[in-house]
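Participant: Sequence and predicted structure are below.
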Amino acid sequence: MKIGVVDFFCGCGGVSAGLQSVRGSVRFQIVEGIDNDRHCARTYERMVGAPCDTADIFQLAEEQGAIERKIDQWRLSRFDKVLLVGCAPCQGFAAHRKSVAGPDERRNLFEAFCGIAACVQPDAILMENVPDLFSKAHWPHFFRGRATLEKAGYQVESGIYNFAGFGVPQERFRAVVMAFKSGFELPYAPLKAGEYRTVRDAIGRLPVLASGQADPLDPMHVASTHRESTLATIRQVPKDGGNRPIGVGPKCLDRTRAAHGGFTDVYGRLAWDRPSVTITARCRTPSCGRFTHPDQDRGLTTREAALLQGFPENYVFEGPFDDGFKQVGNAVSPLAAKHLGEFVAAKLSAGRLDSFYVGAPPIEVSGPVGPGFAVTINGIKRRREKLLDAA
C-alpha cells in the first residue's frame, strides 16, 4: 500500500522525515510540504526530497478555488490512501510567550487547516502542537476545528504525550490530534518512565568542542562563540545537570529566584543520564534555559540539538547559523512522527493494532486543561521522580 502525504506547516521536515523512515509493506510517499519560511523550505527540499510550497495557508483556506487547484496538482487519486499533516505553529498557544493573552493570528491557523482538511477529505489527519492548545483560553480554537472535522465525517481523538515515550531523548510534552473516517483510539507511547533515552545516548559520541570551535567533518557541529562573561558563568555551573549557583551570573536572576523561584534552569547544564529538557528555538543560548553542555563549557551545537530532537545524524539545516536552532526547536521530532506514522499505516491497511496499546497511554483530553499545562507537567515529573527514587 502506498499512502500519499501532504505536509502543511512542514517546517524543516520532521514529520515527513519520520514518515519516510517507516518500514514494511505500507510506504509513505511525500507529495509536497507547505511552509512560508524560506530557510525551512530549502532544508525540506534538500533532506526530504520533495517540493515545498511557500504559499500562505490563510490564502489557500480563504481564496476561492485555491485549495481545489492544489488538489488537482497533487493528483491524490494515484495513491491507495492519503494522509494530511497539519502541525500549525505553536507560538500562538505556547504559555511561556508574553503575547499569549493578546491577539495572535497564528492561533487561527489550526482552524484554517481543519477547514482545508475537510475540503481535501483525506483518509487520515495528523496534527501536533503544544499542550496549551487544550487550555481554557485556547479551547475555542480547538473546539471549532474539531467540530469542522466531525461535520465532515471524521472521528477525532486528542491527547497529550511525553515524546520521550517514543524514544526522543528529551522531555517534550505535546498535544496530538488524529482523525479517521472510522472508530479508533490513540496509540500508546511504547516506552515508560525509566526506559527513556538519555542525553548520553544521543550526543555522548560527538567530538569535544570549546566555545567558537567547529567540527571539520560536520558543518552542523559548531559551537557558538560566547562572551567572556557568559563563559565565566558557565564555568561555575556544576557538571552533569548542575544549576547556576546563587551569586553567579546576572544579578536579576537571583532577584527573580528569590521573588517567585523562577528561571532556575537558566545557564543550567543538561544531565548525561537523563532525557534533555524541551529543546526550543532558543536552545543555542545558555541564558535561555538548561541548554549548556553537560561537561563542556559552552552551549549546544545545532547537531546536538537536532540529535536531542530525534533527527538523523546526517540531517543538514539550511540558512544562517541561528536559523538552524530555530528550525530544530520548532520541528516535530522525526522519531515521534515515525511511531505515529506506523499507527496510521496499520490503521489504514486494516492491520493488527494490538501492539500499539502497550506502554504509556496519552493523557486523555475531553475538555479544557485548566488555565495551562505547565503546572501539570511539573507535577507529572515530580511524581515520576519519586517513584523512580523509591525503586
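Facilitator: That came through, no problem.

Participant: my guess is residue 120 contacts residue 71, does it?
Facilitator: Yes - the criterion here is CB atoms under 8 Å, and residue 120 meets it with residue 71 at 6.1 Å. C-beta coordinates here come from the backbone N, C-alpha and C atoms, glycine included.

Participant: Is residue 265 located within a helix, as I assumed?
Facilitator: No - counting by DSSP: H, G, I helix; E, B strand; the rest coil, residue 265 falls outside a helix, being coil.

Participant: mind listing what it touches?
Facilitator: For residue 265, the residues meeting the contact criterion (CB atoms under 8 Å, 6 or more residues apart in numbering) are 243, 277, 289, 290.

Participant: 7 Å - rerun?
Facilitator: By CB atoms under 7 Å, 6 or more residues apart in numbering, the contact set of residue 265 is 277, 289, 290.

Participant: Please read off the pLDDT at the closest residue to the first one other than its chain neighbours from the model.
Facilitator: In space, and not counting its chain neighbours, residue 277 is closest to residue 290: 4.7 Å by CB to CB, 6 or more residues apart in numbering. Confidence per residue is given as pLDDT, and for residue 290 that number is 95.

Participant: what about residue 174, helix or strand, and which?
Facilitator: Taking DSSP states H and E as the definition, one finds residue 174 inside strand 173-180.

Participant: pLDDT on that strand, on average?
Facilitator: For strand 173-180, the per-residue pLDDT values average out at 97.

Participant: which secondary structure elements does it contact?
Facilitator: Helices and strands in packing contact with strand 173-180 are listed as strand 124-129, strand 155-162; criterion 3 or more CB pairs under 7 Å, 6 or more residues apart in numbering; DSSP states H and E.

Participant: looking at those strands, which is buried most?
Facilitator: Using mean count of other CB atoms under 10 Å, the stretch among these with the largest mean neighbour count is strand 124-129, at a mean of 26.

Participant: mind listing what the residue nearest to residue 215 when sequence neighbours are not counted touches?
Facilitator: Counting by CB to CB, 6+ apart, residue 221 is the residue found nearest to residue 215 once chain neighbours are left out, at 3.8 Å. Residues near residue 221 by CB under 7 Å, 6+ apart: 206, 207, 209, 215, 301, 303.

Participant: how far away is residue 189 from residue 339?
Facilitator: 7 Å (CB to CB, to the nearest Å).

Participant: Give the intersection of the neighbour lists for those two.
Facilitator: For the pair residue 189 and residue 339, residues contacting each of them under the criterion CB under 7 Å, 6+ apart are residue 166.

Participant: SS state for residue 303?
Facilitator: Here residue 303 takes the helix state, with states given by three-state DSSP.

Participant: That one - how many residues pack around it?
Facilitator: Each residue near residue 303 was counted by other CB atoms under 10 Å, and the total is 26.
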